[in-house]
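A.B. asks: only geometry, no sequence info:
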């Protein structure tokens, strides 16, 4: 029996970074390189961008619908970011974890703090840092998604976001997408192999000891 096929509970794997540091790209590449991790799709009141698809990138809802779901305890956590609300649905995440699948979260430090308070044993958190603030500004401008005013707001927010780096389990400086992806894959592999996550390990070891010499 291979160790990576043993029964285990899934991991809530969090990637956070200031906007433009690369977490969205790294999240996409991580899912492409690992078939056992699925994305937690958040609900948001933000307007859908031209390249986004409802139910794939986010579930886009009205503020009224979002507030109703929040009142019904539908979300694991939710927060307001730049005037829009974002929330993590609870039921689907619990189903995936129970089935032994890992769930990837692309959320900020506020969401990470709230999830950690509720489910610390399930969480592995990684903060992505840019190599420099100048490079962060360059990446934001090159995306072509935001106005100059919004970019200024994002840069202003970046220092506050970066100040929470030490609340995370791991920190990766994203100077190279390929190198950063490899480091994240190593982190995920190591966390999956932790003894406390492998539910069937005790039974396996018990069977080994019964076999004798």
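C.D. replies: On my side now, so go ahead. None of these values were measured; they are calculated from a predicted model.
A.B. asks: Skipping adjacent residues, who's closest to the residue nearest to the spatial centre of the chain in space?
C.D. replies: Central residue of the chain (Cα atoms, centre = their mean): residue 105, 2.2 Å from the mean position. Spatial nearest neighbour of residue 105, chain neighbours left out: residue 14 (4.5 Å); criterion: Cβ to Cβ, 6 or more residues apart in numbering. The way it works is simple: take the backbone N, C-alpha and C, and place the C-beta from them, glycine included.
A.B. asks: Look up which helix or strand that neighbour falls in, please.
C.D. replies: Under the criterion of DSSP states H and E, residue 14 resides in strand 12-16.
A.B. asks: That strand pairs with which strands, parallel or anti?
C.D. replies: strand 102-106 (parallel), strand 123-129 (parallel) (DSSP bridges).
A.B. asks: which residues are contacting it?
C.D. replies: Under the criterion Cβ atoms under 8 Å, 6 or more residues apart in numbering, residues 23, 26-27, 30, 37, 93, 97, 102-109, 111-112, 115, 119, 122-128, 161, 168, 184, 188, 191 lie in contact with strand 12-16.
A.B. asks: likewise stretch 41-56?
C.D. replies: The contact list for stretch 41-56, computed with Cβ under 8 Å, 6+ apart, reads 57-63, 66, 69, 75, 78, 84-89, 106-107, 145.
A.B. asks: Quick one: list the elements packing against the one helix or strand residue 139 maps to.
C.D. replies: Residue 139 belongs to helix 133-143 when assigned by DSSP H and E. The contact analysis (3 or more Cβ pairs under 8 Å, 6 or more residues apart in numbering; DSSP states H and E) places helix 133-143 against helix 148-162.
A.B. asks: I'd like to know the average pLDDT value across the helix holding residue 139.
C.D. replies: For helix 133-143, mean pLDDT is 81.
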